[in-house]
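K.L.:
okay, sequence plus prediction incoming.
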Amino acid sequence: MRLHFFKTLLFLSTFIFLIAACKKQEAVSPTTNTTSDTATYRLTFTANWTSNSHPTDYPSNPHFSGLIGMSHNSDVTLYKTGENASEGIKVMAETGGKTPLTSEINALIQNKTAFELISGGGVSTGTGNVSVEFKVTKTHSLVSIVSMIAPSPDWFVGVSGVNLLENDQWVSSKEVSPGTYDSGTDSGTTFTSANQATSPATPISIITSAPLAVNGTVAPLGTFKIEKID
């Protein structure tokens, strides 16, 4: 009888110990998060501006200025149709210069609405490609980038607010055609028009007229491919 009692007690003690050990192991197991807080992407701009694709008054020295943009959240935009261009967008669209727009983006980084400045090279002819790498975060998962169409009075290509985080997962790649815009700051109508400052400036608009547009539409001047690399 006494032996049976001790066997029962030993069994219960072992059972309780095993239950406690299992609970302890479950408590310290880390939670797996399949999406990291940051991701690194490569953006490649492939230009396709030729005399065949855009024959009207095709310039002798077509090119695109250095890429500039940012990763950011939904509280801010780099540019927006229907709104006036910032000084940075104006200078970029008219001259290809980056300095004012760089300062504007750095200010957005300081106030936490942008995460990283994106700045890369341009394309020296109407065709070719250029790449730039950048980082995004879960709270700043949008990317916007622009480049001057050159020569031109104030025209540019760009993408705005491309989201790289979908359903809480980083997208592996995206390919988008940039929009073709008039910054509303110069009234020239041809690629090589003399400077004609628009006063007052008009809102940024999608280009719908010659020489770039045919029947109100501009064929894409290239593509932006965005690929996750880390």
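P.N.:
Looks like it arrived, so ask away. Keep in mind it's a predicted model, so treat the numbers as computed, not measured.

K.L.:
where does the most centrally placed residue in the chain land on pLDDT?
P.N.:
What sits nearest the mean C-alpha location of the chain, by Cα atoms, centre = their mean, is Val143, with 2.0 Å. Confidence at Val143, expressed as pLDDT, is 99.

K.L.:
look up phi and psi at it.
P.N.:
Comment: the main-chain dihedrals of Val143 come out as phi -130, psi 140, following degrees, to the nearest 10.

K.L.:
got a list of what the closest residue to Thr81 other than its chain neighbours touches?
P.N.:
Counting by Cβ to Cβ, 6 or more residues apart in numbering, Ile204 is the residue found nearest to Thr81 once chain neighbours are left out, at 5.2 Å. Heads up, the C-betas are built off the backbone N, CA and C, glycines and all. Listed by Cβ atoms under 8 Å, 6 or more residues apart in numbering, the contact set of Ile204 reads 79-85, 89, 181-184.

K.L.:
from memory Thr35 sits against Gln169, does it?
P.N.:
Yes - under the criterion of Cβ atoms under 8 Å, Thr35 is in contact with Gln169, at a separation of 5.5 Å.

K.L.:
show me the shaky parts of this protein.
P.N.:
Low-confidence segments of the chain, defined by pLDDT under 70, are located at 1-34.

K.L.:
ok but Thr202 is inside a helix, no?
P.N.:
No - Thr202 is assigned coil when assessed by DSSP: H, G, I helix; E, B strand; the rest coil, not a helix.

K.L.:
skipping its backbone neighbours, what lies nearest it in space?
P.N.:
Leaving aside its sequence neighbours, Thr202 is closest to Gly184 (3.8 Å, by Cβ to Cβ, 6+ apart).

K.L.:
so the one you found versus Thr217, what's the distance?
P.N.:
Noted for Gly184: a distance of 19 Å to Thr217, by Cβ to Cβ, to the nearest Å.
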